[in-house]
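> Could you work out the structure for the sequence below:
(4 chains)
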4 protein chains.
Amino acid sequence: MVIILKENPEKKQFDNLVAWLKSMDLTIHMSQGIDTTILGLVGDTSEVDADLINALDIVKTVKRISDPFKNANRKFHPLDTVISCPILRGEDNSETADDKGNHLSSRQPSGIEAKIGGGYFSIIAGPCSVESEEQVISIARSVKASGAGFLRGGAFKPRTSPYSFQGMRATGIKYLLEAKQKTGLPIVSEIMDISQIELFEDVDVIQVGARNMQNFELLKELGHTNKPILLKRGLSSTLEELLMSAEYIMAGGNERIILCERGIRTFETATRNTLDLSAIPWLKEKSHLPIIVDPSHATGIRELVLPMSMAATAAGADGLMVEVHNDPEHALCDGPQSLTPEQFDTLAKAIAHVRPVSFRPESPVS
Amino acid sequence: MVIILKENPEKKQFDNLVAWLKSMDLTIHMSQGIDTTILGLVGDTSEVDADLINALDIVKTVKRISDPFKNANRKFHPLDTVISCPILRGEDNSETADDKGNHLSSRQPSGIEAKIGGGYFSIIAGPCSVESEEQVISIARSVKASGAGFLRGGAFKPRTSPYSFQGMRATGIKYLLEAKQKTGLPIVSEIMDISQIELFEDVDVIQVGARNMQNFELLKELGHTNKPILLKRGLSSTLEELLMSAEYIMAGGNERIILCERGIRTFETATRNTLDLSAIPWLKEKSHLPIIVDPSHATGIRELVLPMSMAATAAGADGLMVEVHNDPEHALCDGPQSLTPEQFDTLAKAIAHVRPVSFRPESPVS
Amino acid sequence: MVIILKENPEKKQFDNLVAWLKSMDLTIHMSQGIDTTILGLVGDTSEVDADLINALDIVKTVKRISDPFKNANRKFHPLDTVISCPILRGEDNSETADDKGNHLSSRQPSGIEAKIGGGYFSIIAGPCSVESEEQVISIARSVKASGAGFLRGGAFKPRTSPYSFQGMRATGIKYLLEAKQKTGLPIVSEIMDISQIELFEDVDVIQVGARNMQNFELLKELGHTNKPILLKRGLSSTLEELLMSAEYIMAGGNERIILCERGIRTFETATRNTLDLSAIPWLKEKSHLPIIVDPSHATGIRELVLPMSMAATAAGADGLMVEVHNDPEHALCDGPQSLTPEQFDTLAKAIAHVRPVSFRPESPVS
Amino acid sequence: MVIILKENPEKKQFDNLVAWLKSMDLTIHMSQGIDTTILGLVGDTSEVDADLINALDIVKTVKRISDPFKNANRKFHPLDTVISCPILRGEDNSETADDKGNHLSSRQPSGIEAKIGGGYFSIIAGPCSVESEEQVISIARSVKASGAGFLRGGAFKPRTSPYSFQGMRATGIKYLLEAKQKTGLPIVSEIMDISQIELFEDVDVIQVGARNMQNFELLKELGHTNKPILLKRGLSSTLEELLMSAEYIMAGGNERIILCERGIRTFETATRNTLDLSAIPWLKEKSHLPIIVDPSHATGIRELVLPMSMAATAAGADGLMVEVHNDPEHALCDGPQSLTPEQFDTLAKAIAHVRPVSFRPESPVS
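The predicted structure is shown next:
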């Protein structure tokens, strides 16, 4: 960290600052120019509050040299983090074993794991909103057949209007678990408040939506769970802020985080948001955490989901999150970005072709 | 609402759409061109989900004509909402009446009310973070002397880094209440999670910060309280989204909302955010809710707080929210935008001069 | 300027850099940490190309301490620049003196000057586009009667579509000069290309529009004229870039520049652009150049022009630029932000009330 | 186009509007609700000025249904435009034929064409700025060897500061032509002003930079040339505005345009700009013009150029524009995003692997 002082700093304030910095075990290199004094701090500055120093009367500006995040930092954790969830056998692939027709082996691992990060790649697919048991199970089966590693589905829905459908809530979670029971696919669903955590006990990956990326109380609480957290970038959050939000969760002890780029808010109105794919290589250089991309919400346009999925994969993403619905003709509930199962199958095949030629940074892999 | 269909819409889907719209008691005017069909909907469309219609395969685009908010809409509530909190007498201005030295009358109303909206104007002032009992009481006394109507102070602090000071939390609320006890000023403090609501029982105005503007679960819960809510605009939220968040609270029954413009995130880095003062007259035309401005957080620069406060007042704001700290020389905790009590006094005087010549829309006043 | 080097810089490159910096008469303070080397440069760094240094393999980052602009910098020119144009007597206020009916004295100064900057304030008013001689003269007379100091009118119009009206061009300039002949008001009009400069010979103030703020060839050429330049901020230009564009003109020898804030492009769609009024005090602190505000183009909404004009004035603007048209009922050519002459008269009166209580920085005045 | 009127429009104004619309050969479908009147216009509305209609007192809002661009519109020109430039034999590959050592055949076509669009893909590579004859020739030879189809080099440089290097200008063009003479590669260089057009007589593709995307006078003039124009998206320009700027050139008769996505300005500071790759499929659906991507300027970070090039290619781009410099160790002039010739060779090979699996829209190909 470099602190640049204003001209002629008041001596007492200057002494206060130096004493305070030294109390944090920092070594100070001072460089005195004619009208500028520069303090170079050497030591662990990740817990030094730059805003606080910047607020001092005698300080002109502060510049961080080292990153403000530690647990998420590749520098200190060179190996890629891998998030792994077992795909269960599922009733669909199990023998009905007992005389009551129960599928005794359905909860056993299938031997396959859905993995994200460290060279592994998975697609998370499913409906924007859970609407019915039949819908979720039907979609789960079709996306599994196409090769998806996870089933997603919204039970709690953040909606701009209080008059819009707010999701099936607890019932939605129940239906997702039914679909997992049938297909064995691990499930991903969004949480909106601390009070909902216990409902997510059997959910495999808890999603934090863009609007909650800086809901710090929720992040702290999720830091005490033992589940992978899918953390979506906020609509107006910088990449550094995304890593700092991951840091909140990791500081609580939970290091299993999947970052998700899902578009940022800009002046452009042709697409719903502006998908920032440079986030992928930038984040992978700075952090060991896996990064996936949600092209459905980012673009809001069905026709753009396939090309943006291919682009994200080519840029080195560790996975995708794609909206799929089963019955667009009769449904009034899915977004203009949802794919049909057939379209999703085409996408999965295209991605399988892009994967072998996609970007691989030279960073070490676990 | 106007729905523009794609060329040659599939008949079955078209019939489904028309039937569904009619089921919501909407009248449909159809206008058939050579390659375009336009449906004009007449009736209450505020609960019609435009995203949902936009998602249909046969729909090209949807355009709302009437606003999607109702409770916050001036059209249906022409009179300005006034938020009013009594200023208590306070121990500082009370007789010590009993033999234990208690100030019996300190909790009685002083006869003065701090009011915001409907032609009334108040300044909310105080420290960014509560640091100690002495600090808060000292600042409360000085801002009251300068004419502030409310004391603000952060007990729960949303910080980008988990390693930064997170606020004194419950203790901070206690110190604020002590300051209210002494000075009689109603207090404003920020809530960050539903679980904190009970701690705010004696807080006069609950603030929802920019990062929580779309924490919908929190908004719903606040809709069931009986306290004024100070709702800050999100960093990347449109003005319509701000009104929709107010609508969330109002839909729960709580109609006492103060909107707060505090700058939006743009490409400009000269100031911390870009203060959008056109929000004031725009919101006042669309809504009956009062609107105040926080120039401290918006600009992040001490020297800009005074001119931006004057500008906001001239544009017709119903109040200001200003950061004041008491001892910048020794404190290491306030932002570069905090004013000293003397600077705040200058500001209060300047505002008193601008108020009489400030913009008054022609809209009816309660 | 502070240069922060990467760990273990290659010695040859390091020596090259140091030699090159010294060749520019800069003194270097080196601060060597364990894994960081910091170079503090002392001397005139305004002509040092920070991008170029930042591109070097051994450099981690560069931070400017002093501003990259010199001529526009208040530090080196503490006194406010005042732009002054004489208001001529005009035929409307002149005796017809000779036997041919010529108004001999119409080109004589009226004794009044329209001034902007250094405590002086003027309103520039007129139609977005010049449409006819009658229109311009009629508007000129009415805005003069209301107190405007300058007449504006667009002859060359930058339009997004090649199929939209591109302005009356040379004829438009001619009509503006006719209006000046009648009323004596100095005129302001926008230039779009170097080749048009000679047409502006009798124009008093040449406007550079937002889209041309970084048309550097045009700026250089205007630096060789002897006319005041009204330089509008680009839609996505930072305030520092605005000053750098002023610097382009000043580097050519022309120091008579009026800066103009006219809104920046953000995600918000409620207004056409987001008016950034904090630009006023920020620019006045950094620069001695006057700054005016164009609330008409910034907001694009008629009802917001008055409150934003009042806010800009309260914040310390040196002037306003307001669109006025004369016959909105029959015209098909003016923007939704144009005021009628009556509305403009109301605005001028409101501004006259705000001016005495508006923000005055403590910076020295010429 | 749909025009939505305010409640109770004044009859005279309404009649004026209807008469004016009819005078443009438009058919009007009127839909009368209780408090809304909707006019649906049928016919060619591309030359109808929506801003102008929106400005009318009786109009609430206007919504375009059909696109405002015609020549650039795929609807009317379904086949992809292909831009093709011959690669000459070049002195490097020619016999010295006469007794003076002249390479008689160097200006003959090599038989290979560099093509962009319609399924063809080319990489444009070269230095940001032309610095010397040796530099340009050396880079030209190496990028040709790696498979580049065009040589780029900046002779006129738009720089934020008047004190930064402004390019070698005419001499720079001369050196580029020397490099073409040697290698046969067609050259691309940026124009900054109309007055420079004649200097570009032997330049193969004229580039319009981001800052000049809305320099409409320049665009009009380029519409009268017979050269391909590489039109870069402005920093804050929407995709529709980019197409409208292409339309300016095409309206003049020049239909050979290459669009270029090069990042937009957002709040994110991790990268120089935010590369908007969804522009590729969006533009290809709307327009027949080819679209290439400049990952160097978009990201400003060397390490991101390769992954973003791969992503752009996977998303269906028709080409890339990449900065390459030859001697980063000794040069003080190239951007932090420039690749070495070796890095460029790696990039070209990676792109060759991605091309066969990249996105192909179903639109017809020429």
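
> Would you tell me which residues of the stretch 151-300 of chain A are close to chain B?
A:158-166, A:192-195, A:211-212, A:214-218, A:220, A:234-236, A:241, A:244, A:247-248, A:251, A:265 (CB under 8 Å from any CB of the partner chain). For glycine as for every other residue, the C-beta is placed from the backbone atoms N, C-alpha and C.

> Kindly supply the ChimeraX command isolating those of those that are buried.
To isolate the buried ones among those in ChimeraX, judged by 16 or more other CB atoms under 10 Å in any protein chain shown, type:
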select /A:158,159,160,161,162,163,164,166,192,193,194,211,212,214,215,216,217,218,220,234,235,236,241,244,247,248,251,265
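
> Go through the residues of the stretch 151-300 of chain A next to chain B and flag which are in strands.
Nothing among these maps onto strands, per DSSP state E.

> and chain D, which of the residues of the stretch 151-300 of chain A next to chain B reach it?
Contacts with chain D within these, as defined by CB under 8 Å from any CB: residue A:236.

> Show only the entries of the residues of the stretch 151-300 of chain A next to chain B found in helices.
A:216, A:217, A:218, A:220, A:241, A:244, A:247, A:248, A:251 (DSSP state H).

> give me every residue that touches the fourth one.
Listed by CB atoms under 8 Å, 6 or more residues apart in numbering or on different chains, the contact partners of residue A:220 are A:248, A:249, A:251, A:252, B:162.

> one more time with 10 Å
A:194, A:248, A:249, A:251, A:252, B:162, B:166, B:193 (CB atoms under 10 Å, 6 or more residues apart in numbering or on different chains).

> Check the gap between it and chain D for me.
25 Å (CB to the nearest CB, to the nearest Å).

> just residue A:160 next, same as before
Counting by CB to the nearest CB, the gap from residue A:160 to chain D is 20 Å.

> hmm, back to that, and the ones in helices among the residues of the stretch 151-300 of chain A next to chain B, which is closest to chain D?
Of all those, chain D sits closest to residue A:241, with 9.9 Å by CB to the nearest CB.

> Wait, the closest one touches residue A:233, no?
Yes: here residue A:241 reaches residue A:233: they are 8.4 Å apart, a contact under CB atoms under 10 Å.

> what sits in contact with each of those two?
In contact with both residue A:241 and residue A:233: residue A:213, using CB under 10 Å, 6+ apart.

> where does the stretch 251-366 of chain A have low pLDDT?
Within the stretch 251-366 of chain A, the segments meeting pLDDT under 70 span A:328-335, A:363-366.

> Which residues does the strand of greatest length in chain A contact?
Taking DSSP E as the criterion, chain A has its longest strand at strand A:109-116. Residues from elsewhere that reach strand A:109-116, judged by CB under 10 Å, 6+ apart: A:81-90, A:93-94, A:120-124, A:148-151, A:184-186, A:204-205, A:228, A:230, A:258, A:289-292, A:317-320.

> Make a PyMOL selection of the buried ones in the residues you listed.
The buried residues among the contacts of strand A:109-116 can be selected in PyMOL (16+ other CB under 10 Å) with this line:
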select buried, chain A and resi 81+82+83+85+87+88+89+90+93+94+120+121+122+123+124+148+149+150+151+184+185+186+204+205+228+230+258+289+290+291+292+317+318+319+320
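
> Pick out the residue of the stretch 101-250 of chain A closest to chain C.
residue A:236 (8.0 Å).

> So for that residue, what's the nearest residue that isn't a sequence neighbour?
residue B:236 (3.2 Å; CB to CB, 6 or more residues apart in numbering or on different chains).

> same question, residue A:352
Residue A:352's closest residue in space is residue A:147 (CB to CB, 6+ apart), at 7.5 Å.

> I'd like the distance between the one you found and residue A:179.
17 Å (CB to CB, to the nearest Å).

> Looking at the two, which is more packed in?
residue A:179 (26 against 16; other CB atoms under 10 Å in any protein chain shown).

> who's in contact with the more buried one?
With the criterion set at CB under 10 Å, 6+ apart, residue A:179 makes contact with A:90, A:126, A:130, A:133-141, A:144, A:151, A:153, A:185, A:187.

> Let's see that with 8 Å instead.
Contacts of residue A:179 by CB under 8 Å, 6+ apart are A:133, A:136, A:137, A:139, A:140, A:151, A:153, A:185, A:187.

> ok, now residue A:39?
Counting by CB under 8 Å, 6+ apart, residue A:39 makes contact with A:2, A:3, A:4, A:5, A:18, A:21, A:28, A:29, A:30, A:31.

> hmm, back to that, per-residue pLDDT, the residue nearest to residue A:236?
We have a pLDDT of 95 for residue B:236.

> Looks like it contacts residue A:235 (just checking).
Yes: with contact defined as CB atoms under 8 Å, residue B:236 and residue A:235 form a contacting pair (5.0 Å).

> okay, and the common contacts of those two?
In contact with both residue B:236 and residue A:235: residue A:265, using CB under 8 Å, 6+ apart.

> helix, strand or coil for residue A:148?
Reduced to three states with DSSP: H, G, I helix; E, B strand; the rest coil, the structure at residue A:148 is coil.

> What sits closest to it if chain neighbours are left out?
Distances taken as CB to CB, 6+ apart place residue A:125 nearest to residue A:148, at 4.1 Å, with adjacent residues excluded.

> Identify the bridge partners of the one you found.
residue A:151, residue A:322 (DSSP bridges).

> residues contacting it?
Contacts of residue A:125 (CB under 8 Å, 6+ apart): A:139, A:143, A:146, A:148, A:150, A:151, A:152, A:321, A:322, A:323, A:324, A:344.

> of all those, which comes closest to residue B:200?
Using CB to CB, residue A:152 comes nearest to residue B:200 of the contacts of residue A:125, at 35.5 Å.

> Please tell me I have it right and that closest one contacts residue A:129.
No: under the criterion of CB under 8 Å, residue A:152 makes no contact with residue A:129, lying 10.7 Å away.

> Give me the more crowded residue out of those two.
The neighbour comparison of residue A:152 against residue A:129 (other CB under 10 Å) goes to residue A:152, with 29 against 24.

> That one: what's it in contact with?
Contacts of residue A:152 by CB under 8 Å, 6+ apart are A:124, A:125, A:126, A:127, A:187, A:188, A:189, A:207, A:321.

> how about 7 Å then?
A:124, A:125, A:126, A:188, A:189, A:321 (CB atoms under 7 Å, 6 or more residues apart in numbering or on different chains).

> what does residue A:188 give?
Residue A:188 sits in contact with A:124, A:150, A:152, A:204, A:205, A:207, A:230, where contact means CB under 7 Å, 6+ apart.

> Dump these into a markdown table; add pLDDT as well.
Shown next, in a markdown table, are the contacts of residue A:188 (pLDDT from 0 to 100):
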| residue | pLDDT |
| --- | --- |
| A:124 | 98 |
| A:150 | 98 |
| A:152 | 97 |
| A:204 | 98 |
| A:205 | 98 |
| A:207 | 98 |
| A:230 | 98 |
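
> Compile the residues you listed into TSV and extend it with columns for distance to residue B:106.
Shown next, in TSV, are the contacts of residue A:188 (distance: CB to CB, whole Å):
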residue	distance to residue B:106
A:124	59
A:150	60
A:152	56
A:204	56
A:205	54
A:207	50
A:230	52
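
> and of those residues, the nearest to residue C:101?
residue A:207 (82.1 Å).

> Nearest to chain D among the contacts of residue A:188?
For the contacts of residue A:188, the closest approach to chain D (CB to the nearest CB) belongs to residue A:124, at 19.7 Å.

> doesn't residue D:238 make contact with residue A:268?
Yes: using CB atoms under 7 Å, residue A:268 makes contact with residue D:238 at a distance of 5.6 Å.
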